[in-house]
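Participant: Sequence isn't available, so here's the structure alone:
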């Protein structure tokens, strides 16, 4: 049965210890982060399948400043930072980690995609999580600037190029894919979007749907979230949010 969760920040979890869907270990614009105080580590115990308390999904979101598509001069910092976040998740028993693929910085999509796959592999190896049931979920993006992940083909290539595909999957953000030009509002568009996801990513590799409305129109390539029902997607016309049809029905969802 699919579940609906809510995102929150690490400090809230550290104080409450309640099950939630998505958390952060530090401010999202901090690439270095802080080490978790040992006293907080037992507060979340989701198990390696990323779930806790009544099968509620639990996931962590990596820092926005980690850029796995960056060039050699800055790659080490991003790989090191992401490996540290993976180690924290391993300590906490959180089995799902969401990250944006990053920006190729003008190099090219092809070069950026190859860098993401390579740096993912380095981070997974460095973190020592290859024997754990931990999955990194590459999140879809709106396609602003030189960011990667707005096309399903790019995500599929990253998954296929990695040496550790069993540790990878995808998180689909409805605002992002709408802004990237995937018009899923009408039944035909929804079916086409699902078909493309299956072809390039694989529906079995989609572990979370992040449900957001969009302040901007379809194909704007602008990442601006809106409350569900208050944006260009709309409440009545949002098939993924209001009445997700198979085969996306079984996927856990967050708001």
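Facilitator: It's in. Bear in mind that the values here come from a model prediction, so they are computed numbers and not experimental data.

Participant: What pLDDT is listed against residue 214?
Facilitator: Listed pLDDT for residue 214 reads 95.

Participant: what's the answer for residue 161, then?
Facilitator: For residue 161, the pLDDT comes out at 97.

Participant: what's near enough to touch it?
Facilitator: If a contact means Cβ atoms under 8 Å, 6 or more residues apart in numbering, then residue 161 has 113-114, 117-118 as its contacts. Bear in mind the C-beta positions are built from the backbone N, C-alpha and C, glycine included.

Participant: how does it look with 7 Å?
Facilitator: By Cβ atoms under 7 Å, 6 or more residues apart in numbering, the contact list for residue 161 reads 114, 117.

Participant: Identify each buried residue in stretch 122-130, please.
Facilitator: Within stretch 122-130, the residues that qualify as buried by neighbour count (16 or more other Cβ atoms under 10 Å) are 122-124, 127, 129.

Participant: just how off-centre is that stretch within its chain?
Facilitator: Its chain's C-alpha centre and that of stretch 122-130 lie 18 Å apart, by Cα atoms, centre = their mean, to the nearest Å.

Participant: export the buried residues of stretch 122-130 to TSV and tack on secondary structure and distance to residue 62?
Facilitator: TSV is the format used below for the buried residues of stretch 122-130 (DSSP: H, G, I helix; E, B strand; the rest coil; distance: Cβ to Cβ, whole Å):
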residue	secondary structure	distance to residue 62
122	helix	15
123	helix	10
124	helix	13
127	helix	12
129	coil	13
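
Participant: For these, give me TSV that also has pLDDT and distance to residue 155.
Facilitator: Below are these laid out as TSV (pLDDT from 0 to 100; distance: Cβ to Cβ, whole Å):
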residue	pLDDT	distance to residue 155
122	98	19
123	98	17
124	98	17
127	97	21
129	94	21
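
Participant: Which residues does whichever strand or helix holds residue 189 contact?
Facilitator: Assessed by DSSP states H and E, residue 189 sits inside helix 187-200. Outside helix 187-200, the residues that touch it by Cβ under 7 Å, 6+ apart are 152-153, 155-156, 182-184, 203, 206, 239, 245, 247-248.

Participant: picking up where we left off before, farthest pair within the buried residues of stretch 122-130?
Facilitator: Pairwise distances across those (Cβ to Cβ) peak at 12.3 Å, for the pair 122 and 129.
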